[in-house]
Structure formats: C-alpha cells, structure tokens
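Undergrad: model this:
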Amino acid sequence: MPIELTQNLSAGIKTPYAGIVESLNAEGNGNDNSVDDGFSLYLPSSGVIKTLDLHLRSGKVPEYVDAGGTLRWQDPSLRQRGSGAGVASRDYFVSKLASAELEPVWVLAGEKNVYAGNDVGVSMGGFGGSLYHTTAFAMEAGVLKSFGTKTEFHAPNAEQLDKLKAR
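TA: Sure thing, here's the model as predicted:
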C-alpha cells in the first residue's frame, strides 16, 4: 500500500513523518558524575506534546497530562523495574492524531549478523552474512495491521565465509 507523506506544519511537525519519542540516557560513573546508576527515560517529542496538548503534571516526575489533568503519557520504568518506554493513552493518542489529520505508523526494524568471533582480543575475520528486516504497521478500522515486511540478506564474500567455516 503506497504511503504519501505530506507536511503538517500546524501540528508542529515540520517533516512528513516524525518520531513520537525522545530518549534521555545517563550513565553511572560517566563524565559528569551526576548519577550513580545508569538509566534511560522516554519522553514525548515536542511535536507530540503540541499535537496531543500535553503538559507536565509537576516538576517532580516526567508525567504528561491533558488539559483536564488526566495522565496521558509516562515511562513505567520510573515506578517498576524493566525496560523503559514511552506509553501513551491509546484512544486519546489516536483521536488527537486524527484531529490533526495525522496517522500513526509504527516501523520495527532489526538486523542479525553472523561472525566467527574473537580469539584473545583478535578478530578471526569470519563472517556469515547479515539479515536486515523492517516491518511497517498502521491502524485500519481500529486494528493494527502490517503493511508487510522487507527483508534483505547481505551475503559474505568467499574469504569471509571460509574463515567462518574454519572456526
């Protein structure tokens, strides 16, 4: 399904597409020595703050609320162990985007590589190739649907494959 991208300047998004999450990362024992333990925090992007009409609840916790004070965005890792994520109220998110004539699209991508490994800090040079994958999702009648997946394999050259097999 073709996707036509157009700018929506009134929503505060100056590109035809924009990320919705910004991340803040701090590492313990880093250069600034301001934290003991590392952490990541996921915040709404400036375009999402404007489009969803979000405001910080207070200066104590990065929780974002709507005009009525209802919590609409948070990172659950602030309260419980686990991976961080920007979590938004689904129905509120989708309805506000629709009001701004925007549509949510999720793109998940990754890669897998095969290497021979190392031997006492020295690369063995073997390589078995790389597999890249990307899948795009969008909402259709209120249900998340896949546009499909693109997969690319980047094969090793003969010398890399020989070194891999020698391991």
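Undergrad: can you give me the strands in the chain?
TA: Assigned by DSSP state E, the chain shows strands spanning 21-26, 39-44, 55-56, 64-65, 71-74, 87-88, 105-115, 118-119, 122-123, 127-140, 143-154.
Undergrad: which parts of the first one are buried?
TA: Residues of strand 21-26 classed as buried under the neighbour-count rule (16 or more other C-beta atoms under 10 Å) are Val21. Every C-beta, even on glycine, is put in place using the N, C-alpha and C of the backbone.
Undergrad: So in that sheet, which strands flank that strand, and in what orientation?
TA: strand 39-44 (antiparallel) (DSSP bridges).
Undergrad: Likewise for the fourth one?
TA: Sheet pairing here is set by DSSP bridges, and for strand 64-65 it gives strand 55-56 (antiparallel), strand 71-74 (antiparallel).
Undergrad: Can you give the distance of the longest one from its chain's centre?
TA: When C-alpha coordinates are averaged (C-alpha atoms, centre = their mean, to the nearest Å), strand 71-74 and its chain have centres 17 Å apart.
Undergrad: and Ala98, which of the strands paired with strand 64-65 is closest to it?
TA: Checking these against Ala98 by C-beta to C-beta gives strand 71-74 as the closest, at 15.4 Å.
Undergrad: before we move on, the earlier item: dump the strands paired with strand 64-65 into TSV; add mean pLDDT and distance to Ser95 as well.
TA: Shown next, in TSV, are the strands paired with strand 64-65 (pLDDT from 0 to 100; distance: least, C-beta to C-beta, whole Å):
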stretch	mean pLDDT	distance to Ser95
strand 55-56	92	18
strand 71-74	90	11
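Undergrad: of all those, which lies closest to Phe153?
TA: Among the strands paired with strand 64-65, strand 71-74 comes nearest to Phe153, with 38.1 Å by C-beta to C-beta.
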